[in-house]
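J.: The following comprises the amino acid sequence and a computationally predicted model.
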Amino acid sequence: MFLKFPLLFFLIYQNQYSINSDEYVKNYIDNKSSLLKIDFLVVQNLNFENIDLKEKWKDFESYTFSDELLYIKEKPTTLVKLPKTEEIEGMYLPKLSINFTEELSDLKKTSQNLKPQPFLYERLPFQKEMKEIEDNLNRSKDYRVLYYNSWYQPAFKQGQSMPIFIESFKKDKKVYGEIAIYKERFIHLDSRIRFSQKTDSYETVKIKTNLKDFNQLLEVQKNLKEVKIDNGNYWVETIFNNVKLNLRSLRNFIYFEDQIYFEDPINKPGYLYEDLYEINKDLKLELDEFNFIDHPYFSILIRVSEEVK
């Protein structure tokens, strides 16, 4: 029995990134790895050659995403939470002040000398150089930036890596898909990005629910003190010690801003987009310079810098 090539490719691709998000975060905690700073752009090409206009492109099957995807958080995490004053039945709770002992003061001074670690998988603000590049491309007559982001992530081997969800809407255009950036002997980009055009069709679209916030998962791993398994259920002891949660699966457990949420499928009405073009490549990257993945109608620009964790 023979497998058709597209199906064979799909099976191979799925096996490459079979690690789940819980395992991925635990691996990050338990193992030292360098960090990668990523600058990633998807650019529409407006100037076509005549030969490109004559080229016939294949029809695409529905896009199949990996089982789990990390996403880049657009809003940066604040390092210091603003103090809150709570009101209960007309009474204000007093603010608490902490006076450092001499020992704690020494510890505080020591921590101030340590290099702060960036939050991973979060959009990096105030990237002046990248903003100038984006503006210059948008001002040109030949290009339009459809997607741009910069972030940090661990440098893991392919089998230990997780793909990242990419999606952006610009007017009637959409680019979406997933990428994986991993390190073997060299840094690699594995990309499956599609360029789509808005249609007149309008129907209910299912929102993806397998997107994972890396820093939320990291917070879960750090805050859970003990997990006991009893009759196939997970008993999670919280930091309050006298409150326990019975969860049939930890996979749907998310810790977020001092609240607990469970994922549910969500549907919303929206326009359909027709997939027109695709970039599907695994490319070895040169460090500290922009790497270019070309297509007649849209392109990928990516720069990766490596830093010691």
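T.: Received the coordinates, thanks. For clarity, every value in this text was computed on a predicted model and none was experimentally measured.
J.: ranges for the strands of the stretch 51-200 of the chain?
T.: When assigned using DSSP state E, counting those that start in this stretch, the strands of the stretch 51-200 of the chain occupy the ranges 69-71, 87-88, 91-92, 143-154, 164-170, 173-183, 187-207.
J.: To Asn47, which of those strands lies closest?
T.: When the strands of the stretch 51-200 of the chain are compared by Cβ to Cβ, strand 143-154 sits nearest Asn47, at 8.2 Å. The C-beta positions use only the backbone N, C-alpha and C, and glycine is treated the same way.
J.: what about Val205, how many neighbours?
T.: By other Cβ atoms under 10 Å, 14 other residues sit near Val205.
J.: swap in the one 5 residues further on?
T.: Other residues within reach of Asn210, judged by other Cβ under 10 Å, total 14.
J.: ok, now which ones touch it?
T.: Applying Cβ atoms under 8 Å, 6 or more residues apart in numbering, we find Asn210 in contact with Phe65, Asp67, Glu68, Leu69.
J.: hmm, try it at 10 Å
T.: Applying Cβ atoms under 10 Å, 6 or more residues apart in numbering to Asn210 gives the contacts Ser21, Phe65, Ser66, Asp67, Glu68, Leu69, Tyr71, Phe165, Arg251, Glu263.
J.: And it, how close does it get to Asp67?
T.: 6 Å (Cβ to Cβ, to the nearest Å).
J.: anything in contact with each of these two?
T.: Common contacts of Asn210 and Asp67, defined by Cβ under 10 Å, 6+ apart, comprise Ser21.
J.: circling back: with mean pLDDT and distance to Lys281 added, can I get the strands of the stretch 51-200 of the chain in TSV?
T.: What follows is the strands of the stretch 51-200 of the chain, written out as TSV (pLDDT from 0 to 100; distance: least, Cβ to Cβ, whole Å):
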stretch	mean pLDDT	distance to Lys281
strand 69-71	96	19
strand 87-88	41	57
strand 91-92	42	59
strand 143-154	97	16
strand 164-170	96	14
strand 173-183	97	10
strand 187-207	89	6
